[in-house]
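> Got a sequence here, can you build the structure:
(one chain, ligands or ions: 1)
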Amino acid sequence: MKTRRSDRLVDMTRYLLEHPRTLVSLTKFANLYESAKSSISEDLAILKRTFAERGVGLLETIPGAAGGAKFTPYMTQENAAEFVATLVNEINDETRVLPGGYVYLSDLLGQPWVLQKVGRLIATQYLKEPIDAVMTAATKGVPVAQAVAESLNVPFVIVRNDTKVTEGPTMSVNYVTGQSKRLEKLELSRRSLPMGSRVLIVDDFMKAGGTIRGMASLVKEFEGEVVGVAVVVAGEVAHRVIDKYTSLVHVNTDKEGGLIDVQSGNYATEIFAPGNFTTQVNV
Ligand SMILES: O=P(O)(O)OC[C@H]1C[C@H](OP(=O)(O)OP(=O)(O)O)[C@H](O)[C@@H]1O
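Sure, this is the predicted structure:
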């Protein structure tokens, strides 16, 4: 039975939100709702406009037999600023300061609503960028990687610094930690990342950047390309061993008496600088 437009719009929205960055053919929608392709095209035009007006995401319609519709979720700069301000307010608490200048984040990064927004905001920087996988370092980076991978609709891989027989044959690299200059190892199962993958590296926290640099070395061992680096919180350091990254929040825990200074990270310039976001969404 032909589905009414109001019902089609609701269910098409559900379908597109559940299948981000996936090309869905007009034929699929026409068959799903027993409707003409011309009606589906009109439906998609309504969704494209509404998604853009409401700041939900980008709905691209690709013409032709191999065409269809592809939904790419994003977060607007306005919503990003509101979310980051909430993170800054939550993190701005001296009791979160840990030895070595680290910050306790697990309560925040254990909350699904926080992770969903972190994932969508970090993914916003790569609307048109093909990404094959998200990479992080066990353990605290894992929920961040899962959230970003879900928004990008790609797999995520977890590198470890301890050998596990359950990982099978692995690729490993040694790297020098940024602060303590210790030699550490990172390894990843050879089966988890195809050679030549385009990889987005993420983590919950970055201090001197040694872990991130170790992951970048591992991507090179897989003959891959590091598309970008994003962390939820970047700590203040005198010397960071990596210079290109996106952070949502920046903290300085080196102040006297364990005080903490919390500011927005560099996401606004990295993601929303003129020519980045608007160019990608104004199609
Ligand atoms: O920039 P760096 O100086 O390399 O530090 C950033 C590391 C340290 C911390 O992980 P740990 O607390 O060491 O390990 P886990 O996530 O397993 O708790 C954090 O999750 C990053 O991975």
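
> Contact partners for the residue positioned nearest the centre of the chain?
The residue lying closest to the centre of the chain (C-alpha atoms, centre = their mean) is V148, at 3.2 Å. Neighbour list for V148: V118, G119, I122, A123, V134, F156, L200, V202, A230 [criterion: C-beta atoms under 8 Å, 6 or more residues apart in numbering]. All C-beta atoms are positioned from the backbone trio N, CA, C, and that covers glycine.

> Looking at the fourth one now. What's its pLDDT?
pLDDT, the model's per-residue confidence, is 97 for A123.

> Export only the CA atoms of the helix or strand harbouring the residue nearest to the centre of the chain, formatted as CSV.
Per DSSP states H and E: V148 is located in helix 142-152. In CSV, the C-alpha atoms belonging to helix 142-152 read as follows (Å, rounded to 0.1, in the frame of the first residue of the first chain):
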residue,chain,number,x,y,z
VAL,A,142,37.7,3.7,23.5
PRO,A,143,34.3,5.4,24.2
VAL,A,144,35.4,8.5,22.3
ALA,A,145,36.5,6.4,19.3
GLN,A,146,33.2,4.4,19.3
ALA,A,147,31.2,7.7,19.3
VAL,A,148,33.2,9.2,16.5
ALA,A,149,33.2,6.0,14.5
GLU,A,150,29.4,5.8,14.9
SER,A,151,29.0,9.3,13.6
LEU,A,152,31.3,8.6,10.6
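
> What parts of the stretch 101-250 of the chain come near the ligand?
For the stretch 101-250 of the chain, the residues in contact with the ligand (C-beta under 6 Å from any ligand atom) are 137-141, 177-179, 203-211.

> In helices only, show me those.
G210, T211 (DSSP state H).

> Could you pick out the buried ones from the residues of the stretch 101-250 of the chain next to the ligand?
137, 140-141, 177-179, 203-211 (16 or more other C-beta atoms under 10 Å).

> from those, which ones fall inside strands?
Of these, the ones assigned to strands by DSSP state E are A137, D203, D204, F205, M206.

> With pLDDT added, can I get those in JSON lines?
Shown next, in JSON lines, are those (pLDDT from 0 to 100):
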{"residue": "A137", "pLDDT": "96"}
{"residue": "D203", "pLDDT": "98"}
{"residue": "D204", "pLDDT": "97"}
{"residue": "F205", "pLDDT": "95"}
{"residue": "M206", "pLDDT": "94"}
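
> Among these, which one sits closest to P112?
Nearest to P112 among those is D204, at 15.2 Å by C-beta to C-beta.

> Now do the phi/psi pair for the residue nearest to the closest one when sequence neighbours are not counted.
In space, and not counting its chain neighbours, D204 is closest to K140: 4.5 Å by C-beta to C-beta, 6 or more residues apart in numbering. K140 adopts backbone torsions of phi -70, psi -20, taken as degrees, to the nearest 10.

> for K140, what are its contacts?
Each residue near K140 by C-beta under 8 Å, 6+ apart is listed here: L105, S106, L109, D203, D204, F205.

> ditto for Q116
With the criterion set at C-beta under 8 Å, 6+ apart, Q116 makes contact with A147.

> Which strand or helix spans it?
helix 112-124.

> Let me know the pLDDT of the closest residue to D261 other than its chain neighbours.
Nearest residue to D261, sequence neighbours excluded (C-beta to C-beta, 6+ apart): N252, at 4.2 Å. N252 carries a pLDDT value of 92.
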